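**Q** quick one, structure for this:
(one chain, ligands or ions: 1)
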Amino acid sequence: MFLQAICVRQNGVCVFFTFAGKLNAVMYMLSVWSANSELPSFPQLSNDKKTDVLIVGGGITGLLCAYMLKTHGVDCVVLEADRICRGVTQNTTAKITVQHGFIYDKLLKRCGTEKAQMYLCANERALQRYRELCGNIACDFETKDNIVYTKQNRRKTEAELRALETLGAKAEFSETIPVPIEIAGAVRVPNQAQFNPLKFLAEIAKGLEIYEQSKVFEIRDNRAFTAHGTVQAKQFIVATHFPIFNKHGGYFLKLYQERSYALALENGPKINGMYVDEAPKGMSFRNYGDLLLIGGGDHRTGKIGGNYGELRSFAKVHYPACAEAYVWATQDCMSLDGVPYIGQYSKALPNVYVATGFNKWGMTSSMAAAELLRDRIVGKENDCAAVFSPSRSMLTVQLAVNGSTFLTGVLTPTKKRCPHLGCTLKWNPTEHTWDCPCHGSRFAEDGKLIENPATDDLKK
Ligand code: FES
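**A** Predicted coordinates for the structure are as follows:
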């Protein structure tokens with residue numbers, strides 16, 4: 001192999017040409033969804049407005065909240081700092097399922113049957129809502145089984161199966177899976193779904209009142225302030241991935257972020273389902289058309305992890321004839337107990353709501369959040385809300401880990417510091433970015449903000 005790779009940067013996208021017997025073009029960091037969908041664009045906010053509900057953030061959560069409220073006759077406005085769906089939404093692996101790892105056994109043991117049932121029920125309703133909406137939208141929606149496997153501990157599989165049965169969910173045991181991984185057992189939940197989220201959201205966004213390039217820098221006296229206009233509202237939803245208002249709610253201690261990576265391989269085998277390891281650093285698999293999507297390489301943002309290298313090594317061994325068509329990375333907010341925070345932002349802010357901490361299950365969780373927050377705003381009781389309450393008890397080991405990472409980050413003496421809360425930044429040699437281990441803000445080499453909770457570029 002005499003030519004290994006040439007990278008040509010175009011509009012922030014790196015187009016990779018590799019020579020491996022034939023010439024392939026690989027769009028670096030452009031997900032399969034971004035490359036195969038077109039999103040509508042919206043104007044910038046340029047005057048003062050009044051509405052019932054202002055939603056800050058135009059990712060999947062913000063758009064679904066707006067859609068749900070609008071279909072209930074509630075007037076709402078979405079303000080997006082960049083373009084809609086340009087953050088985590090475009091970089092998902094797009095699985096819609098109630099089965100979020102082996103969560104139900106843990107929930108039953110930690111919170112009891114009632115709360116575990118709430119979690120299942122909210123996600124079943126979300127799946128059902130997708131089914132209804134996607135019936136009228138061309139978004140490559142397909143019903144597929146979801147399978148969570150374990151490589152080592154068969155007893156875990158049996159416990160999860162029992163938990164699902166206790167809660168009345170259909171599930172079955174599988175001895176094998178059609179991906180080249182030796183497993184100790186797997187739990188299969190039938191009739192879940194996969195889709196192209198950007199094709200779906202392009203339709204959902206039509207007819208919503210959205211303003212792009214309209215960064216909210218403050219909410220005060222029931223008014224959100226942007227550079228060129230304000231929006232007065234009765235209620236607010238913060239749907240900014242990581243909540244951007246630090247004074248309330250303690251989200252800088254209750255959340256951290258993890259990066260994970262994905263490859264789309266041309267002409268991979270058809271695996272007829274969605275597969276994911278229950279282990280935190282395991283791999284995931286699904287098809288999209290003729291492509292095989294492989295996810296994994298996870299690590300806390302700002303720390304070392306498996307990265308693209310882990311996925312490429314796996315693909316080289318097991319799928320040597322499949323060329324990379326797309327390569328991308330994403331970043332997820334992780335809560336302290338594996339359950340999202342959906343509800344009142346903090347006790348001090350009675351008319352502000354939040355939806356965050358989806359723990360890598362953003363497709364289903366965002367729809368669950370939209371239904372829960374719609375009900376809260378229109379004054380309808382939702383029997384699943386309690387398990388997601390952001391003010392629930394948070395005394396966990398992860399809280400101590402987050403606290404000590406923050407202290408270390410703040411006290412480490414370096415020049416490059418994060419504008420969020422002042423932690424030291426780490427250079428990410430793979431993605432050529434400055435990453436913050438404390439809460440996951442990221443910046444391009446030239447200091448431009450890529451991921452929140454920071455809201456500003458690095459100072460020159
Ligand atoms: Fe919070 Fe950097 S993201 S200090």
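**Q** okay, CA-based contacts and neighbour counts for the rest of this
**A** Will do.
**Q** show me how far the helix or strand harbouring E158 is from its chain's centre.
**A** Taking DSSP states H and E as the criterion, E158 maps to helix 154-166. Here helix 154-166 is found 26 Å from its chain centre; the criterion is C-alpha atoms, centre = their mean, to the nearest Å.
**Q** check stretch 340-360 too.
**A** On the basis of C-alpha atoms, centre = their mean, stretch 340-360 sits 15 Å off its chain's mean C-alpha point.
**Q** any idea how far apart the tips of it sit?
**A** Using C-alpha to C-alpha, to the nearest Å, one end of stretch 340-360 lies 10 Å from the other.
**Q** and the most centrally placed residue in the chain, how far from G296?
**A** Geometric centre of the chain, nearest residue: G362, 4.2 Å, by C-alpha atoms, centre = their mean. According to C-alpha to C-alpha, G362 and G296 sit 16 Å apart.
**Q** just checking, P197 touches Q90?
**A** Yes: under the criterion of C-alpha atoms under 8 Å, P197 makes contact with Q90 at 7.5 Å.
**Q** so what's in contact with the two at the same time?
**A** By C-alpha atoms under 8 Å, 6 or more residues apart in numbering, P197 and Q90 have these common neighbours: W33.
**Q** any idea how far apart the tips of stretch 79-98 sit?
**A** End to end - C-alpha to C-alpha - stretch 79-98 spans 30 Å.
**Q** likewise for stretch 241-261?
**A** Stretch 241-261: ends 18 Å apart by C-alpha to C-alpha.
**Q** please see if that stretch touches the ligand.
**A** No: using C-alpha under 6 Å from any ligand atom, we find that stretch 241-261 stays clear of the ligand, coming within 6.7 Å at best.
**Q** dump stretch 247-256 to PDB, restricted to CA.
**A** This file holds the C-alpha atoms of stretch 247-256, laid out as PDB (Å, rounded to 0.1, in the frame of the first residue of the first chain):
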ATOM      1  CA  LYS A 247     -26.800  28.900  38.700                       C
ATOM      2  CA  HIS A 248     -29.600  26.500  39.300                       C
ATOM      3  CA  GLY A 249     -30.200  22.800  39.300                       C
ATOM      4  CA  GLY A 250     -26.500  21.700  39.900                       C
ATOM      5  CA  TYR A 251     -26.300  20.100  36.400                       C
ATOM      6  CA  PHE A 252     -22.600  20.700  36.400                       C
ATOM      7  CA  LEU A 253     -22.400  18.000  39.100                       C
ATOM      8  CA  LYS A 254     -25.300  15.800  38.000                       C
ATOM      9  CA  LEU A 255     -24.000  15.300  34.400                       C
ATOM     10  CA  TYR A 256     -20.900  14.400  32.600                       C
END
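**Q** I would like the residues contacting it, please.
**A** 242-243, 246, 300, 333-336, 345-349, 357, 390-391, 394, 399, 402-403, 438-440.
**Q** same question for stretch 205-225.
**A** 40-45, 56, 58, 63, 66-67, 70, 76-84, 226-228, 230-235.
**Q** and if you look at stretch 260-268?
**A** 32, 93, 290-299, 307-308, 311-312, 319, 322-331.
**Q** just stretch 193-203 next, same as before
**A** Counting by C-alpha under 8 Å, 6+ apart, 33-34, 37-40, 60, 63, 85, 89-90, 94-97, 127, 134, 137-146, 274 sit against stretch 193-203.
**Q** the contacts of stretch 260-268 in strands, which ones?
**A** 291-299, 324-331 (DSSP state E).
**Q** quick one: contacts for T61?
**A** Taking C-alpha under 8 Å, 6+ apart, one finds 239, 355, 366-367, 369-370 in contact with T61.
**Q** pick out the most distant pair among these.
**A** A239 and M367 (12.2 Å; C-alpha to C-alpha).
**Q** report whether stretch 334-348 contacts the ligand.
**A** No: using C-alpha under 6 Å from any ligand atom, stretch 334-348 never reaches the ligand; the gap is at least 13.5 Å.
**Q** please name the nearest non-neighbouring residue to F141.
**A** F195 (4.2 Å; C-alpha to C-alpha, 6 or more residues apart in numbering).
**Q** re earlier: quick check on the contacts of stretch 247-256: which are buried?
**A** Neighbour counting with 16 or more other C-alpha atoms under 10 Å marks 242-243, 300, 333-336, 345-346, 357, 390-391, 399, 402, 438-440 as buried within the contacts of stretch 247-256.
**Q** distance of C134 from the ligand?
**A** 35 Å (C-alpha to the nearest ligand atom, to the nearest Å).
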